[in-house]
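> give me the fold of what follows.
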Amino acid sequence: MNIVPSLNYHPSLAPRTVRTAVIWGLGMPECGQTEAPPPFVASLLEQARIAGEGFLPPGRKAAVRNMLRYGSYKPSGRSKPSSEYLLAAALQDRFPLVNKAVDVNNAVSLQWGYPASIFDMDLCGTNLLLRRGTAEESYIFNSAGQSIELKDLICVCRAEGDRWLPCGNPVKDAMATKISDSTRNVIAVIYAPVTESLSELEGAAARFADLLRSHCEISKSAWFIP
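Reported below is the predicted structural model:
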């Protein structure tokens, strides 16, 4: 399978505060529910518990929040970046164990402190667009039917005809394109502030692709920074 994903930036992101990495993997043999933390997750959780809140450096936490702060959107409370939620969950012994692919996504996000989204490639496609959500946009993000308003929030969008429909963001991803037991091909996006070192984002992306191969047994994985 010859896959060449793309992610373009919409003019609505100017002045741009975010830099992204796109990671994809093909041919995952299975994606069942995780029963216990795999070693790479267990190690991170132990490091986080020892370091406490300091596991996420204050400067990075502030930079990620500034990346999202725009217009009416305030990245705090229930609207805080998913990376902050993951650290809080790690410190409270409630870190989410979902499935192999999502566990990789969450581990990389926890380790680097950058929010990340992962999608079923067969549901979202390989051509993505990054733009800001509009006032009338929202999507359901969990099985309980809860929705998130997307106005002014940085959103990953998938193509549907001549429209670009939001399917992910640095806070919560849409149910419509989430990973399931039947997922075999994945595509992920890491969101990093443009003020951060490019080498940090490259390290996160490389680790993500490596874990897709070693932990998810994906036959082919790669990454790029648009």
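> scan this structure for its longest helix.
helix 198-214 (DSSP state H).
> quick check: buried residues in the next helix or strand after that one?
Counting by DSSP states H and E, the next helix or strand C-terminal to helix 198-214 is strand 220-224. Of the residues in strand 220-224, 221, 223 count as buried by neighbour count, 16 or more other CB atoms under 10 Å. All C-beta spots, glycine's among them, are computed from the backbone N, C-alpha and C.
> buried sites along the longest helix of the chain?
Of the residues in helix 198-214, 201, 204-205, 207-212 count as buried by neighbour count, 16+ other CB under 10 Å.
> try stretch 106-126
Residues of stretch 106-126 classed as buried by neighbour count (16+ other CB under 10 Å): 106-121, 123-126.
> now the terminal residues of it, how far apart.
21 Å (CA to CA, to the nearest Å).
> give me the mean pLDDT for it.
For stretch 106-126, mean pLDDT is 98.
> ok, of the buried residues of helix 198-214, which one's closest to Ser6?
Ala205 (15.6 Å; CB to CB).
> pretty sure that closest one contacts Trp24?
No - using CB atoms under 8 Å, Ala205 makes no contact with Trp24, being 10.7 Å away.
> got any residues that touch both of those two?
Here Ala205 and Trp24 share the contacting residues Trp223, scored by CB atoms under 8 Å, 6 or more residues apart in numbering.
> I'd like to know how many residues surround the closest residue to Gly133 other than its chain neighbours.
In this structure, Gly133 finds its nearest non-sequential neighbour in Leu150, 2.8 Å apart by CB to CB, 6 or more residues apart in numbering. Other residues within reach of Leu150, judged by other CB atoms under 10 Å, total 23.
> so how far is Asn127 from Leu150?
20 Å (CB to CB, to the nearest Å).
> ok, Val18 next?
Distance, Val18 to Asn127, using CB to CB: 19 Å.
> these two: who's more crowded?
Val18 (19 against 14).
> can you list phi and psi of that one for me?
Main-chain torsions, Val18, degrees, to the nearest 10: phi -120, psi 140.
> beta partners for it?
Here Val18 sits in beta bridges with Pro193, as judged by DSSP bridges.
> does Arg78 count as helix, strand or coil?
At Arg78 the chain is in helix, as set by DSSP: H, G, I helix; E, B strand; the rest coil.
> count of residues packed around it?
Using other CB under 10 Å, Arg78 has 8 other residues around it.
> got the confidence number for it?
Per-residue pLDDT puts Arg78 at 88.
> can you offset everything so residue one is 404?
With 404 as the first residue, the last one maps to Arg481.
> relative to Tyr488, how far out is it?
Distance, Arg481 to Tyr488, using CB to CB: 9 Å.
> do you have the helices of this structure handy? List them.
All helices of the chain, identified by DSSP H, fall at 442-454, 461-471, 485-494, 503-515, 524-527, 601-617.
> tell me which of the ones you listed sits nearest to Tyr542.
The nearest among the helices of the chain, by CB to CB, is helix 524-527 at 12.3 Å.
> okay, that closest one in CSV with CA atoms only?
Output of helix 524-527 as CSV, limited to C-alpha atoms (Å, rounded to 0.1, in the frame of the first residue of the first chain):
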residue,chain,number,x,y,z
MET,A,524,-7.0,6.3,8.9
ASP,A,525,-9.7,4.4,7.1
LEU,A,526,-12.3,6.7,8.7
CYS,A,527,-10.5,10.1,8.4
